[in-house]
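J.: sharing a model prediction with you, sequence too.
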Amino acid sequence: MGDGRGDNFKSRDIDCLKLELMEEIHMRDLVQLSILELRQEIVKLEAKLNIENKGGEWKTRYEVQLGLNDHLVKQIATLKEKMEKLRGDPSDRLSSIRVYERMSVESLNTLLKQLEKEKRSLENQVKNCALRLEQESKAYHKTSDECRTYLAEMSQISSSHQVFKRQQMDQLHRMKQNHVKTGRCNPTNQKIVNAKKGPAKKITRSNHFPKLNL
C-alpha cells in the first residue's frame, strides 16, 4: 500500500513537471513568434529602404548638376573678363567693329537673329537647369529624410524587441520561482519526503499504574 501511495505522489510530481514544461514551451513559442514577426518587419523596412536608396541616382545627378553650374559660372566669369578687356582696349574694339562694317545688312540681320536665338536658347537652358536643380534638390532631401525615418523605425523596432525579450525572460523566471515555491509549500511533496524517510515510530504510553504489593 505504501508503494502505491508513493507511485501516486510521483505521478503527481511528474504531472507538475509536465505542466511547467508545457508552459515554458508555450512561452518559448511566443517568443519565437514575436522574433519572426519582428524579423519580417525589419526585412520589409530594409527592402523599402533599398528601393528608396535607388533614389541615390538623384543625388548623383544633383552633384553633377552642381558641377555643371560651377562650370557655367566660370565660363560667365571668363566672358565678362573678355568683355572688360574689349572695353578697355580701343584697338580690339575697333577691329571687331570693322569686321561688322564689312558685312552686308542682310548678313548682319542674319547674325543678329542667330545671336538672339542663341540667347533665348541659353536663357531656356538656364531656366531648365535651375528648375531641375530645384526639383532634384527637393527629391534628394526627401529621400534623405525618408532614409532617416526608416532607420529610426528600425532602431525603435530593435529596441522594442529587446524589451519584449527581457520581459519574456523575466516572466519565465518568475514562473520557475512560483513553481519552486509551490513545490516547497505543497503538502503532497511533504508526504513524499515523509514516505521516503519511512513510517514514524509510535511512542506508546502506558495507562496502567504498577500494582503495589501490600
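T.: Great, that's in hand.
J.: select the longest helix from this structure.
T.: helix 105-185 (DSSP state H).
J.: tell me the mean pLDDT for that one?
T.: Averaging pLDDT along helix 105-185 gives 78.
J.: list the helices and strands it packs on?
T.: Counting by 3 or more CB pairs under 8 Å, 6 or more residues apart in numbering; DSSP states H and E, the packing neighbours recorded for helix 105-185 are helix 2-53, helix 56-88. For glycine as for every other residue, the C-beta is placed from the backbone atoms N, C-alpha and C.
J.: out of these, nearest to A152?
T.: Closest approach to A152 among these is made by helix 2-53 (10.4 Å; CB to CB).
J.: what mean pLDDT does the closest one get?
T.: pLDDT averaged over helix 2-53 gives 71.
J.: measure the nearest residue to E24 once chain neighbours are set aside to E23 for me?
T.: Nearest non-adjacent residue to E24, counting by CB to CB, 6 or more residues apart in numbering: L172, 6.4 Å away. Computed as CB to CB, to the nearest Å, the L172 to E23 distance reads 9 Å.
J.: before we move on, what about D145?
T.: Counting by CB to CB - D145 and E23 are separated by 46 Å.
J.: more crowded one of the two?
T.: E23 (14 against 10; other CB atoms under 10 Å).
J.: so what's that one closest to, chain neighbours aside?
T.: Using CB to CB, 6+ apart, the closest residue to E23 is M175 (6.1 Å).
J.: what sits against the one you found?
T.: E20, E23, E24, M27 (CB atoms under 8 Å, 6 or more residues apart in numbering).
J.: can you lay out those residues as CSV showing distance to E136?
T.: Below are the contacts of M175 laid out as CSV (distance: CB to CB, whole Å):
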residue, distance to E136
E20, 63
E23, 58
E24, 57
M27, 52
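J.: between those, which is nearest N128?
T.: Nearest member of these to N128, counting by CB to CB, is M27, at 63.4 Å.
J.: the closest one: how many residues sit nearby?
T.: 15.
J.: can you check E136 too?
T.: E136 has 20 nearby residues by other CB under 10 Å.
J.: tell me how far it lies from Y62.
T.: 5 Å.
J.: and what of K82?
T.: Taken as CB to CB, the span from K82 to Y62 is 31 Å.
J.: those two: which is more packed in?
T.: It is Y62, of K82 and Y62, that has more neighbours when counted by other CB under 10 Å, with 19 against 11.
J.: residues contacting the more buried one?
T.: L133, E136, S137, Y140 are the contacts of Y62 under CB under 8 Å, 6+ apart.
J.: one more time with 6 Å, if that's ok
T.: Shown in contact with Y62 (CB atoms under 6 Å, 6 or more residues apart in numbering): E136, Y140.
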